[in-house]
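# With the input below, show me the fold.
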Amino acid sequence: MKSTSLMSKIVSELMSVFFFLVASLSGCGGSGGGTAPAVSNPQTYTISGTVSGLSGSGLVLQNNSGDDLTVTGSDFSFATALDDGGAYDVTVLQTSLLPAQSCTVSNGSGTLSGADVTNVSISCSSNSITISSAVSTKILTLNWSMVEGATYYQLYSNPDGASGYSQIGADIAADATSTEVAIPVHLTDWVNGKYMLDACNSAGCTSSNEITSLDAIAAIGYFKASNTGASDQFGYSVAISDDGNTLAVGAYHEDSNATGIDGTETATLSDSGAVYVFTRSGSSWSQQAYVKVSNTGAADEFGHSVAISGDGNTLAVGAPYEASMATGINGDETDDTATDAGAVYVFTRSAGSWVQQSYVKATNTEEWVNYGTSVSLSDDGNALAVGPPMKPVLPRALMAIRREPQLIMARCIFIKRLVPS
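Okay, here's the model as predicted:
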């Protein structure tokens, strides 16, 4: 009886194990014929929004630094959907340049949470591309602010205002904010010439304002008299110091009756003539003195010739139609009896102020000689040579003048021009 009972117990336990195994295999999809549970894919959502203020082409957006999207209308939607729970980050890759615009993003980043994102907002506004000029000797520098979205710039010139713009040089890098242009002084149409800058990217280019050639005049040092007058012949004679910081300019048909330095510039004495002295500080020039003679006379043509010493502190000026009969240094300048005899005037500068130092005449003053048609100063300003115009047959003299501390002395060297027989 005991053996039978033990056997029954063993059979019962084996059956329990069997059914357990069958149940386990069925749950795992084994030979029991059960079906495996389905695996679900995550939900995906799109990123979209609206655009306001866009007035040109070329706007390109990105999401998560990719999925480039060119926008042409008032709304947009990225092609690539994102998994629920994923991050999104909408940015502007390129702005419109036709016309130039800046665009900003609102509500552009976040995390997807069970729905499409539809509230990304792009707001665009137009920019102006403005160039300005700065100048130095024979160089025009054009400056501008960096244009958002530009990948390069191009500089254009319209040399006469009528033939049209053409590009100057190669394309300019996107990070540049200035460029220099060499000024071809004698080939420039200062009245009509123009410059313009284009900001460009793959969508096209937008042009800046125009800078005229007249805006660049200071690049070559453009000088005018303080009392500009018709037919004054300002610039007929010029001289500059060795260091380039003092410039003397003659205007031998200037018409004022002023005397001395910085007198009244009213035009009441025809062709009396004047000289203008300009000085430079850094890159800026200014008129330092308006120079007239002590015996201003009509038609004397003071300023017909000029010479300046190396340091710029001594100035010699010829007046070849001055008419006194005086001779030598500082003679009677009120005499007016030797028509077109001519004279030279020497001026000196101390602490920025000019004074007339000497009134120079030939030792053998004669009518019609035109003494002072040409003048030349030594570098130290202590020797002066004065000559009349060279004419055939008639003898002429070159006056050599030496300056000593308190006195200017003169002597004549006669020069005869030989005429072939």
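
# Lowest average confidence across helices and strands of this structure, where is it?
strand 407-415 (a mean of 43; mean pLDDT, DSSP states H and E).

# all strands for the stretch 151-300 of the chain, in order.
Ranges of strands in the stretch 151-300 of the chain, per DSSP state E, counting those that start in this stretch, are 152-158, 166-173, 178-182, 194-201, 204-212, 234-240, 246-251, 274-281, 284-291.

# okay, those, which one's buried deepest?
strand 246-251 (a mean of 24; mean count of other Cβ atoms under 10 Å). For the C-beta atoms, the positions are set from N, CA and C on the backbone; glycine is no exception.

# Give me the distance between it and the centre of its chain.
Chain-centre distance of strand 246-251: 27 Å, with Cα atoms, centre = their mean, to the nearest Å.

# now that strand against strand 234-240, angle please.
Interaxial angle, strand 246-251 versus strand 234-240 (axes from the mean of the first three to the mean of the last three Cα atoms, to 10 degrees): 150 degrees.

# quick one: strand 246-251 to strand 284-291, angle?
Using the same axes, to 10 degrees: strand 246-251 against strand 284-291 is 50 degrees.

# With just CA atoms, put strand 246-251 into PDB.
Output of strand 246-251 as PDB, limited to C-alpha atoms (Å, rounded to 0.1, in the frame of the first residue of the first chain):
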ATOM      1  CA  THR A 246      53.600 123.000 -46.000                       C
ATOM      2  CA  LEU A 247      52.200 123.900 -49.400                       C
ATOM      3  CA  ALA A 248      52.200 127.300 -51.100                       C
ATOM      4  CA  VAL A 249      49.800 128.000 -54.000                       C
ATOM      5  CA  GLY A 250      49.800 131.000 -56.200                       C
ATOM      6  CA  ALA A 251      46.800 132.700 -57.800                       C
END
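
# give me every residue that touches the closest residue to residue 275 other than its chain neighbours.
Spatial nearest neighbour of residue 275, excluding adjacent residues (Cβ to Cβ, 6 or more residues apart in numbering): residue 291 at 4.2 Å. Contacts for residue 291 were tallied using Cβ atoms under 8 Å, 6 or more residues apart in numbering; they are 261, 274-277, 315, 317, 347, 354.

# right, and the secondary structure at the most centrally placed residue in the chain would be what?
The residue lying closest to the centre of the chain (Cα atoms, centre = their mean) is residue 141, at 2.3 Å. With DSSP: H, G, I helix; E, B strand; the rest coil as the basis, residue 141 sits in strand.

# In contact with it, which residues?
Contacts for residue 141 (Cβ under 8 Å, 6+ apart) come out as 133-135, 178-181.

# Dump the residues you listed to TSV, plus distance to residue 44 and pLDDT.
Output for these, formatted as TSV (distance: Cβ to Cβ, whole Å; pLDDT from 0 to 100):
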residue	distance to residue 44	pLDDT
133	55	80
134	56	75
135	61	68
178	49	94
179	49	93
180	54	89
181	55	85
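
# With that, I have no additional questions.
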